[in-house]
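Sequence and predicted structure, then a few things I'm wondering about:
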Amino acid sequence: MTETIIDVDGLRRRYGGTDDGFEAVRGVSFTVHKGELFALLGTNGAGKTSTLEMIEGLAPAGAGSVAVLGRDPYIDRADVRPRIGIMLQEGGFPSDLTVAEMAMMWAGMMADHRPISEALEVVDLGSRTDVKIRALSGGERRRLDLALALMGRPDVLFLDEPTTGLDPQSRRAAWELIRGLLDDGTTIVLTTHYLEEAEELADRIAIMDAGRIVTSGTAAEIAAAHPARISFELDDALLRADDGAVSPRVQLPPLNAQFHTTGRRVTVHTDEVQQTLTDLLGWANERGIALTGLNVRSGSLEQAFLAVASGEHREEITA
Ligand SMILES: Nc1ncnc2c1ncn2[C@@H]1O[C@H](COP(=O)(O)OP(=O)(O)OP(=O)(O)O)[C@@H](O)[C@H]1O
């Protein structure tokens with residue numbers, strides 16, 4: 001069994017008073033194992049940062065428990081802090097300092113740290129040491145944030161939207177860097193708004209909404225829980241317009257699936273993609289019907305995310 005590095009159980013956090021306040025985190029539980037990358041996804045305001053801050057020891061847990069490396073990150077801060085690295089959404093460093101000055105100042109606060117040149121090399125800033133922070137590009141600033149988070153050779157790294165604002169090439173370079181850290185055994189918790197980033201990097205993913213984890217698992221598990229989508233267009237002769245709304249003139253096969261029509265395009269959602277496709281093609285072939293623009297998409301992380309974001313599950317919770 002792999003070592004558990006982070007254990008979060010029934011975590012809650014409220015801003016403001018009991019009566020007039022707002023509960024941003026409402027009972028979040030998950031574990032992260034050694035060397036794993038765990039991605040926390042969610043809509044804006046879902047509670048990701050509020051959750052991360054409790055795990056990072058920056059805020060106390062309102063209720064529930066959190067253990068990082070077997071300790072309470074808030075109460076045992078002095079023990080836990082040197083072993084974790086935090087890359088915040090906004091580093092907010094003094095813009096008059098050079099890259100090297102900033103790195104030296106940061107390292108000066110640590111009992112043990114990497115050589116400064118090594119930390120800057122890892123993020124490919126070795127040639128930018130004398131440049132003032134204000135003159136760095138957005139991507140370079142994010143890399144400096146990462147170099148500082150890595151300075152103490154952390155066992156656990158928290159990356160809060162590490163590639164926001166980066167161009168696709170810089171984003172991929174950051175992914176390579178993160179993969180290298182995972183190969184070295186670092187355990188990583190990542191928040192991101194880029195689903196592709198989570199798919200590329202995460203061993204496991206949790207999707208949050210309104211303070212709760214709504215779904216979790218590997219990207220493939222989360223996607224598989226969503227129906228596949230088959231879509232095609234019907235010829236005008238097979239469509240009728242009633243009061244401006246277009247619907248098929250033909251009886252579509254009883255595929256044990258849900259149909260939706262938007263204009264000429266018919267979309268079928270199904271959990272049994274192979275059987276549904278076989279039925280549909282058989283039906284079309286028998287009648288000589290052309291299924292124009294036939295498209296099959298299996299369930300995706302994006303669909304799962306959009307389903308969470310739509311808030312359907314909130315009714316189930318309150319019901
Ligand atoms: N200091 C605060 N006081 C009051 N409410 C807050 C405070 N910080 C956050 N919130 C609220 O708590 C909720 C969760 O915020 P949080 O920043 O944790 O979400 P998030 O998932 O990280 O969002 P984003 O993706 O936009 O960064 C939001 O409704 C936010 O407005």
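Received the coordinates, thanks. Note that the structure is a prediction, hence the values are computed from the model and not measured.

So for the residue lying closest to D271 once chain neighbours are set aside, what's the pLDDT?
Distances taken as Cβ to Cβ, 6 or more residues apart in numbering place P227 nearest to D271, at 5.2 Å, with adjacent residues excluded. Where you see a C-beta, it was placed from the backbone N, CA and C, and this is true even at glycine. P227 is assigned 83 on the pLDDT scale.

was I right about P227 contacting T276?
No: in this structure P227 lies outside contact range of T276 using Cβ atoms under 8 Å: 9.6 Å.

Need the residues touching each of the two.
Here P227 and T276 share the contacting residues T270, scored by Cβ atoms under 8 Å, 6 or more residues apart in numbering.

Those two: who's more crowded?
Neighbours were counted for P227 and for T276 using other Cβ atoms under 10 Å; T276 has more, 21 against 18.

how near is the more buried one to the ligand?
T276 is 36 Å from the ligand, where distance means Cβ to the nearest ligand atom, to the nearest Å.

Please apply the same query to T129.
31 Å.

what does I289 give?
46 Å.

For E233, list each beta-bridge partner.
When assigned by DSSP bridges, E233 has beta-bridge partners R265, T292.

for I6, same thing?
V32, V68.

tell me the pLDDT at it?
97.

what does the model give the spatially most central residue of the chain for pLDDT?
Nearest to the mean C-alpha position of the chain, by Cα atoms, centre = their mean, lies L41 at 3.3 Å. On the pLDDT scale, L41 is placed at 96.

and what of G138?
At G138, the pLDDT recorded in the model is 84.

how many other residues sit next to it?
G138 sits with 12 neighbouring residues when counted by other Cβ under 10 Å.

for it, what are its contacts?
G165, L166 are the contacts of G138 under Cβ under 8 Å, 6+ apart.

just A309 next, same as before
T43, D209.

which helices and strands does the helix or strand containing M104 pack with?
Using DSSP states H and E, the element containing M104 is helix 99-107. In terms of contacts (3 or more Cβ pairs under 8 Å, 6 or more residues apart in numbering; DSSP states H and E), helix 99-107 is packed against helix 116-122, helix 138-150.

quick one: average pLDDT of that helix?
90.

follow-up on the earlier one: quick one: residues contacting the residue nearest to the centre of the chain.
K48, T191, T192, H193, L195, A198, I205, A206, I207, M208, F305.

Across the sheet, point out what pairs with it.
I207.

how close does it get to K48?
8 Å (Cβ to Cβ, to the nearest Å).

before we move on, what about S170?
22 Å.

When those two are compared, which one has more neighbours?
In this view S170 and K48 are compared by other Cβ under 10 Å, and K48 has more residues nearby, 27 against 18.

Next, work out how far apart that one and E196 are.
17 Å.

got it, and E233?
28 Å.

and the nearest residue to T129 once chain neighbours are set aside, how many neighbours does it have?
Distance criterion Cβ to Cβ, 6+ apart; nearest residue to T129, sequence neighbours excluded, is A100 at 4.0 Å. By other Cβ under 10 Å, 16 other residues sit near A100.
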